[in-house]
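A.B. asks: Sharing a model prediction with you, sequence too.
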Amino acid sequence: MRIEARNLAYGFNNNIVGSNIYFEVAKGEMLFILGPNGVGKTTLIKTILNLLGPLDGDILIDNLSISDFNRKELGRIFAYVPQNNSFNFPFKVIDMILMGRTPYLEKFQTPKKKDYEIAFNSLEILNISHLENKPFTNISGGEKQLVLIARALTQEANFLVLDEPTSSLDFGNEVKLLKILEKLSKRGMGVIMATHNPNHAVKKSGKILLLKGKKDFYFGSSLETLTKERLEKVYETKVDVAFTKKDKKVFISI
Ligand SMILES: Nc1ncnc2c1ncn2[C@@H]1O[C@H](COP(=O)(O)OP(=O)(O)OP(=O)(O)O)[C@@H](O)[C@H]1O
């Protein structure tokens, strides 16, 4: 399966946030969306999910317009982890996670044994099985973020779409999550992720959409597209490049 933005304009009725945007990403690949605050990463993600309709051009799923798909079909294609979670109802964590099975259940149907197995497996992958019976309102911000990622995994969609998923995570969990996402993409899942950290995106197999302004963007393989010069231009700051012992490129803003 392949997602493509063709000549895409997105934004709100009275406010075009981005236009003439092009990118493509297939299952098994990772696409990182980068760019400064307010440039339009979240708005683009909502457009990719068809929560906002395109203002011009289109999002294509295997060459079919996204408008040809209904909500349930899109629920099997995209699992979404939003940026800010203001959800505050004391559901048990396991029940929150089982909500990820909704696109597979008929109206009023309750989750079956297999749905529970998938949910428990997601808890295990994210190392949060101990939270299973806690109310969602009684866990920390970072734990909530991990629960929402587990819910998205439970959805078993073709693409996992995450909006700054590491913003509340500690140093260790940030690295662990990135490793999990890489593993999932190697197993065939597509990953689309907005991030503030260019170092998340320095991947041999990754693609990058670096947003600079309304019509100004770079799209390409992350190793070629992410350069010191481009980052300096986009983020208006001096950038240094270092290399780890394993020869991995690391950007440092100075
Ligand atoms: N509901 C809305 N109606 C009109 N304009 C909006 C709305 N939400 C956001 N915007 C505007 O759209 C632009 C892009 O916002 P968006 O949240 O997509 O940026 P972002 O790149 O995700 O920012 P950040 O990195 O700060 O999260 C901003 O100028 C913002 O003010």
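C.D. replies: That came through fine.
A.B. asks: Where do the strands of the stretch 1-150 of the chain begin and end?
C.D. replies: With DSSP state E, counting those that start in this stretch as the criterion, the stretch 1-150 of the chain has strands at 2-12, 15-26, 30-34, 56-61, 64-65, 78-81.
A.B. asks: most neighbours per residue, which of these?
C.D. replies: strand 30-34 (a mean of 26; mean count of other C-beta atoms under 10 Å). Just so you know, the C-beta spots here come from the backbone N, C-alpha and C atoms, and that holds for glycine as well.
A.B. asks: Do any residues in that strand lie close to the ligand?
C.D. replies: No. Strand 30-34 lies apart from the ligand when judged by C-beta under 6 Å from any ligand atom; the minimum separation is 8.4 Å.
A.B. asks: Contact residues of this structure facing the ligand?
C.D. replies: Selection of the chain residues close to the ligand by C-beta under 6 Å from any ligand atom yields 12, 15, 17, 35, 37-43.
A.B. asks: and the strands of the stretch 1-150 of the chain as TSV, adding mean pLDDT?
C.D. replies: Converted to TSV, these look like this (pLDDT from 0 to 100):
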stretch	mean pLDDT
strand 2-12	96
strand 15-26	96
strand 30-34	97
strand 56-61	97
strand 64-65	97
strand 78-81	94
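A.B. asks: sorry, back to before: need the residues of the chain next to the ligand in TSV (columns: distance to Phe219).
C.D. replies: Output for those, formatted as TSV (distance: C-beta to C-beta, whole Å):
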residue	distance to Phe219
Phe12	23
Asn15	23
Val17	17
Gly35	12
Asn37	20
Gly38	20
Val39	14
Gly40	14
Lys41	14
Thr42	18
Thr43	17
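A.B. asks: Of the residues you listed, which belong to helices?
C.D. replies: Using DSSP state H, 41-43 are the members of the residues of the chain next to the ligand that sit in helices.
A.B. asks: Pipe those residues into TSV and attach distance to Leu148 per row.
C.D. replies: TSV is the format used below for these (distance: C-beta to C-beta, whole Å):
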residue	distance to Leu148
Lys41	18
Thr42	15
Thr43	20
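A.B. asks: For the residues you listed, pick the one with the most neighbours.
C.D. replies: Greatest neighbour count in these, by other C-beta atoms under 10 Å, goes to Lys41: 24 neighbours.
A.B. asks: Gly142 reaches Ser167, doesn't it?
C.D. replies: No. Contact criterion C-beta atoms under 8 Å: Gly142 and Ser167 do not qualify, at 9.1 Å.
A.B. asks: helix, strand or coil for Val161?
C.D. replies: At Val161 the chain is in strand, as set by DSSP: H, G, I helix; E, B strand; the rest coil.
A.B. asks: Could I get the pLDDT score of the residue nearest the centre of the chain?
C.D. replies: Nearest to the geometric centre of the chain sits Leu162, at 2.0 Å (C-alpha atoms, centre = their mean). At Leu162 the predicted local confidence, pLDDT, stands at 95.
A.B. asks: can you pull the contacts of Ile61?
C.D. replies: By C-beta atoms under 8 Å, 6 or more residues apart in numbering, Ile61 lies in contact with 1-3, 69, 77.
A.B. asks: I meant to write Pro82 there.
C.D. replies: 148, 163.
A.B. asks: And it, how far from Phe23?
C.D. replies: 20 Å (C-beta to C-beta, to the nearest Å).
A.B. asks: Also Leu123?
C.D. replies: In terms of C-beta to C-beta, Leu123 sits 32 Å off from Phe23.
A.B. asks: follow-up on the earlier one: kindly indicate which of the residues of the chain next to the ligand lies nearest Leu178.
C.D. replies: Lys41 (17.4 Å; C-beta to C-beta).
A.B. asks: what's the pLDDT at that closest one?
C.D. replies: Lys41 is given a pLDDT of 96.
A.B. asks: Now the closest residue to it other than its chain neighbours. Its backbone dihedrals?
C.D. replies: With sequence-adjacent residues excluded and distances taken as C-beta to C-beta, 6 or more residues apart in numbering, Lys41 is closest to Ala194, at 4.1 Å. For Ala194, the backbone dihedrals (degrees, to the nearest 10) come out as phi -90, psi 140.
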